[in-house]
Structure formats: C-alpha cells, structure tokens
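> Sequence first, then the predicted structure:
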Amino acid sequence: MAKDVIIALDFPDMQQTLTFLDRFTGRKPFVKVGMELFYATGPDIVRTLKARGHKVFLDLKLHDIPNTVGKAMRVLAGLGADICNVHAAGTAAMMRAALEGLSSTDGKRPLLIAVTQLTSTNEEQLHNELLVNENMNDTIAHYARNAQSAGLDGVVCSPLEAALVKQACGAEFLTVTPGIRFADAAKDDQSRITTPARAREIGSDYIVVGRPITAAADPVAAYERCVKEFLGI
C-alpha cells in the first residue's frame, strides 16, 4: 500500500479551492473534501477535482440508520471519489449497509473507512460527555475491529493510535490519520496529534494535513516539507 499526504481543502467555495490548488504547478496532490466545501459547492467539487487529476478523499462521515446510509453511499459512489467514510459508532450493520451501497455490480468501489474517535476528543470527554467507560485506546481498537468485521478497508484515527490499530487488525488494514502538526506549529483545536515523521514511524498509511499547509505563508513549501518528513524522500 502506497503511503501519501492528503491535503484537507477546508475552503468555503470552489474558487478559493481551485486558486489554492493552482499553486501546485506540476503536482496533483491527494486532497480531502470535507463538510464545509461539499455543502458549499455540492457534488460538482468532487467531479471537478477528479477531472483535474486529483485523488479525492470525500470526508462526510456518514452516521445514520443503515438504510439511509446505504442509499446515500449509492449516490456518492457515482462521484468517483477514491476514499469515503462513515462513523464507526453507527454500528456494524450501518457500516455493512454503507459498503453495500458503495459497491458497484462489477465489484469496483472507493475505499471505505470508519472514523473511530475524532482527534479533537480527549480521554475526559470520552468518559464524561460520551459516557464511554473504556479507555481511548481500547475503544479505538474495538471500533477498528468492528469496521474490519463489517468489511471496511480501514479507519480514521489519530496517528498516536495507528500502531494499536495495526496490532488489532493487521498490517494491511488502513490507518488514515489527521491530527498532524509540524514540531514548531500550534496545536489549534486538536488534542491527539503528532508530527509527519512520527506518524510514519508509528504506522500511518495516509496523513491528512489541513491548516499547517493551507494556512502556511508558502503552502507548496509546507506540503513538500510534509511529504519529505512523512515519506522520507
């Protein structure tokens, strides 16, 4: 499995997104379309990015009853995204419905991954607000095993948990990890974070990087730094 850096395109409209990507002359970075951008532009943003040669992680984190999620995934399957996701907390039945909805008759489909716990959630919130009695690591490992048993390809977790997910589910089970910050950068609103280099050491397959690249004075240089630190090239 090839590792890669995914840029989170956290912009409010199509024009700002494409203007940002035009700075990457000769490069077609893997990008993530999240809720803000998708809700602002609709599905055309995915079609546009694919037409421009980008791989796309469509990060909508579906979480609803199985029937609704399955039908929604059937719609999303036609956009050509390379990765889609759901919340693992939606249950194994919901994840199986998502996988069924995403799969075409010829067996081809995007990768499907499940969010374990958001990187903004800390141990205290897990217990006191979400009323989850198990510790963070055990909860994430359990959610990852549920996703694997439902047939999914991997999970979203913090880079700090990539190794334990691999231990629980095997080396081929994908770990897609946000919560990436350079050693000399601010944490922003993230709780469970690490650097690109450390994420590589721990076992992340893909790292998702937003503000350290998109808000940098020189986004291209920040991206290249991220690639160098994560991929070691």
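It's in. Numbers count the residues shown, from 1 in each chain.

> what's next to the host helix or strand of Ile7, contact-wise?
Take DSSP states H and E as the rule and Ile7 turns out to sit in strand 4-8. The contact list for strand 4-8 (C-beta atoms under 8 Å, 6 or more residues apart in numbering) reads 29-32, 34, 55, 57, 59, 176, 178, 196, 206-210, 213-214, 223, 226-227, 230-231. C-beta coordinates here come from the backbone N, C-alpha and C atoms, glycine included.

> now, which of the residues you listed lie within helices?
196, 213-214, 223, 226-227, 230-231 (DSSP state H).

> List just the nearest of those to Leu99.
Within the ones in helices among the contacts of strand 4-8, proximity to Leu99 (C-beta to C-beta) peaks at Phe230, which comes in at 28.3 Å.

> which residue sits closest to that closest one, ignoring its sequence neighbours?
Pro196 (3.9 Å; C-beta to C-beta, 6 or more residues apart in numbering).

> circling back to that earlier point, drop anything exposed from the contacts of strand 4-8.
29-32, 34, 55, 57, 59, 176, 178, 196, 206-210, 213-214, 223, 226-227, 230 (16 or more other C-beta atoms under 10 Å).

> Could I get the contacting residues of Met35?
59-61.

> Next, work out how far apart Ala2 and Thr119 are.
23 Å (C-beta to C-beta, to the nearest Å).

> let me fix that: Leu131
20 Å.

> Neighbour count: those two, which is higher?
More crowded of Leu131 and Thr119, by other C-beta atoms under 10 Å: Thr119, with 23 against 7.

> Verify the stated contact: the more buried one with Pro178.
Yes - using C-beta atoms under 8 Å, Thr119 makes contact with Pro178 at a distance of 5.2 Å.

> what packs against the biggest strand by length in the chain?
Once the chain is assigned using DSSP state E, the strand that runs over the most residues is strand 56-62. Applying 3 or more C-beta pairs under 8 Å, 6 or more residues apart in numbering; DSSP states H and E, one finds that strand 56-62 contacts strand 30-33, helix 35-41, helix 44-51, helix 66-76, strand 83-87, strand 206-209.
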